[in-house]
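Novice: My questions concern the predicted model and sequence given below.
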Amino acid sequence: MPPAQRKPRARTYDPAKVRAALDGQLRAIRGAVGTLCAAPDAEPLLAARSRLGEWTVRDLIVHIAVCLETLPRALAERPAPAA
């Protein structure tokens, strides 16, 4: 069948896989931040640029932390997706 005639399939997500992937990413971030903060020369590393404009590594870490703190509340305010 030519590509122009194909119907796009609806995307499906396995909540358990999504949760496991997010948990893995958060563990990796937590481990990296813990290692960074425990380093003897942590201050200059935290003050370094993050390659996101003017953001420092510290700014990026704080931003991620704030987003993760507000995520449960934001999700609770939204209706559950249709099955």
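Specialist: Received, thanks.
Novice: need the helices for this structure, in chain order.
Specialist: 15-38, 42-46, 57-77 (DSSP state H).
Novice: tell me what the shortest one is packed against?
Specialist: Where contact means 3 or more CB pairs under 8 Å, 6 or more residues apart in numbering; DSSP states H and E, helix 42-46 is packed against helix 15-38, helix 57-77. C-beta coordinates here come from the backbone N, C-alpha and C atoms, glycine included.
Novice: Tabulate the helices of the chain (TSV), appending mean neighbour count.
Specialist: Putting the helices of the chain into TSV (neighbours: other CB atoms under 10 Å) gives the following:
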stretch	mean neighbour count
helix 15-38	11
helix 42-46	13
helix 57-77	12
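Novice: quick one on the thing from earlier: and the helices and strands packed on helix 42-46 as TSV, adding mean pLDDT and distance to residue 45?
Specialist: Below are those laid out as TSV (pLDDT from 0 to 100; distance: least, CB to CB, whole Å):
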stretch	mean pLDDT	distance to residue 45
helix 15-38	93	6
helix 57-77	91	6
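Novice: which residue packs closest to residue 68, ignoring adjacent ones?
Specialist: Distances taken as CB to CB, 6 or more residues apart in numbering put residue 26 closest to residue 68, at 7.2 Å, once the chain neighbours are dropped.
Novice: picking that back up, could you export the helices of the chain as CSV, including distance to residue 7?
Specialist: Formatted as CSV, these follow (distance: least, CB to CB, whole Å):
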stretch, distance to residue 7
helix 15-38, 24
helix 42-46, 50
helix 57-77, 31
